[in-house]
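**Student:** my questions are about this predicted structure, shown below with the sequence.
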Amino acid sequence: MKYAIYMPAAGDQADPRALADLAREAEAAGWDGFFLWDHITMGWTDRATDPWIALAAIASSTSRIRIGTTVTPLPRRRPWKVARETVALDHLSGGRFILGVGTGGGKEEWDNLGEQSDPAARGAMLDEALEVLTRLWSGEAANFEGRYYQVRDACFRPTPLQSPRIPIWVGGFWPNRRPFRRAARWDGVFPLFNVERERVLAQFKEAVAYVRACREDDASFDIISVGYTSKDHAQAAETVAPYTEAGATWWLECLDPWRFGWNAQGVWPAAAIRERVSQGPPR
């Protein structure tokens with residue numbers, strides 16, 4: 001099991017420098033990764049920063065931990081622009097970047113900004129965008145003719161440092177099956193749930209079993225779990241253990257505003273966030 005910090009680039013952390021400092025502290029405390037939510041707007045706060053700019057700062061401030069987005073809604077991005085950005089971050093980090101993708105959700109980021117509002121169409125766009133992205137990563141002349149994206153004789157270099165490609169994790173809400181069939185074709189799955197906390201583990205096991213059944217080979221595949229753990233290391237280890245037994249390869253410690261008592265004025269308890277990071281992973 002690997003352990004990472006997972007948080008929005010918002011509130012009092014809506015600053016690339018602050019996030020880079022926090023990532024450096026996480027690396028020193030023994031965490032294995034640092035992942036940012038990828039949002040344009042969140043609804044619950046108007047204070048946010050661009051996670052991609054923040055990841056560039058994080059890549060330059062760390063040397064060991066894996067970094068990435070969880071998750072980037074590719075249907076609101078141009079895949080050729082993402083191809084350049086991901087390779088740049090892969091090189092800047094020395095091959096430590098992971099790309100998390102999904103279809104996205106929320107009226108604020110789609111309907112209110114004139115983006116594609118139909119979830120089914122966004123799923124088709126995501127599949128096409130992933131095909132375009134991986135062809136552009138190859139360094140060979142890329143051609144693609146889809147409903148939403150077209151590419152003709154595009155050759156992008158340099159190629160990623162990682163081989164055979166930058167890892168792609170696919171997120172989705174269980175029990176919707178389609179995102180998990182999509183995830184099975186790539187490098188990892190990031191299951192999310194809209195249920196009470198005490199039901200999450202059972203649904204996590206269902207999702208893992210389903211995506212494993214959809215896999216067509218035995219290649220390395222990441223299974224990501226996310227949640228909160230106690231300050232007490234023994235209790236924290238007890239929280240994580242069932243997910244390890246269920247097949248999780250990553251635990252993402254969620255540092256969201258509700259966990260620490262984010263207040264009505266939008267003030268985050270930054271000291272509490274730093275304290276949890278400095279305590280290290282629940283090994």
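**Tutor:** Everything's here; your move. Bear in mind that the values here come from a model prediction, so they are computed numbers and not experimental data.
**Student:** excluding chain neighbours, what is closest to G172?
**Tutor:** Excluding the flanking residues, the one nearest G172 by CB to CB, 6 or more residues apart in numbering is P179, at 2.3 Å. For glycine as for every other residue, the C-beta is placed from the backbone atoms N, C-alpha and C.
**Student:** host element of that neighbour?
**Tutor:** With elements delineated by DSSP states H and E, P179 resides in helix 178-183, which encompasses its position.
**Student:** list the contacts for G227?
**Tutor:** The contact partners of G227, taken as CB atoms under 8 Å, 6 or more residues apart in numbering, are V200, T239, Y243, W251, L252, E253, C254.
**Student:** in the sheet, who's paired with the last one?
**Tutor:** Under the criterion DSSP bridges, C254 forms beta bridges with Y6.
**Student:** and the contacts of G227, which is closest to W80?
**Tutor:** Comparing the contacts of G227 against W80 with CB to CB picks out L252 as the nearest, at 28.8 Å.
**Student:** surely that closest one touches L36?
**Tutor:** No. L252 sits out of contact with L36 when judged by CB atoms under 8 Å, with a separation of 11.1 Å.
**Student:** quick revisit: what mean pLDDT does the helix holding P179 get?
**Tutor:** Average pLDDT, helix 178-183: 98.
**Student:** quick check: what element follows the host helix or strand of I67 along the chain?
**Tutor:** Secondary structure from DSSP H and E places I67 in strand 66-73. Moving toward the C-terminus from strand 66-73, the first helix or strand encountered (DSSP H and E) is helix 79-92.
**Student:** which helices and strands does the following helix or strand past that next one pack with?
**Tutor:** As assigned by DSSP H and E, the chain's next helix or strand after helix 79-92 is strand 97-102. For strand 97-102, the packing partners by 3 or more CB pairs under 8 Å, 6 or more residues apart in numbering; DSSP states H and E come out as strand 33-36, strand 66-73, helix 79-92, helix 119-137, strand 168-174, strand 188-193.
**Student:** where does pLDDT dip in the stretch 51-200 of the chain?
**Tutor:** Low-confidence segments of the stretch 51-200 of the chain, defined by pLDDT under 70, are absent.
**Student:** how many other residues sit next to the residue nearest to G172?
**Tutor:** Counted with other CB atoms under 10 Å, the burial measure for P179 works out to 24 neighbours.
**Student:** list the buried residues of the helix holding P179.
**Tutor:** Within helix 178-183, the residues that count as buried by 16 or more other CB atoms under 10 Å are P179, F180, R182, A183.
**Student:** swap in stretch 214-228?
**Tutor:** Using 16+ other CB under 10 Å as the burial criterion, the residues of stretch 214-228 that qualify are F221, D222, I223, I224, S225, V226, G227.
**Student:** can you check stretch 187-197 too?
**Tutor:** Of the residues in stretch 187-197, those with enough neighbours to count as buried (16+ other CB under 10 Å) are D187, G188, V189, F190, P191, L192, F193.
**Student:** go on, stretch 53-65?
**Tutor:** Neighbour-count burial for stretch 53-65, counted by 16+ other CB under 10 Å, picks out A54, L55, A56, A57, I58, A59, S61, T62, I65.
**Student:** redo those as a markdown table? Include secondary structure and distance to K81.
**Tutor:** What follows is the buried residues of stretch 53-65, written out as a markdown table (DSSP: H, G, I helix; E, B strand; the rest coil; distance: CB to CB, whole Å):
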| residue | secondary structure | distance to K81 |
| --- | --- | --- |
| A54 | helix | 17 |
| L55 | helix | 15 |
| A56 | helix | 15 |
| A57 | helix | 19 |
| I58 | helix | 20 |
| A59 | helix | 18 |
| S61 | helix | 24 |
| T62 | coil | 24 |
| I65 | coil | 25 |
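**Student:** which one of these is nearest to G100?
**Tutor:** Minimum distance to G100 across the buried residues of stretch 53-65 is 11.6 Å, recorded for L55 (CB to CB).
**Student:** so the closest one touches L89, yeah?
**Tutor:** Yes. Under the criterion of CB under 8 Å, L55 makes contact with L89 at 5.8 Å.
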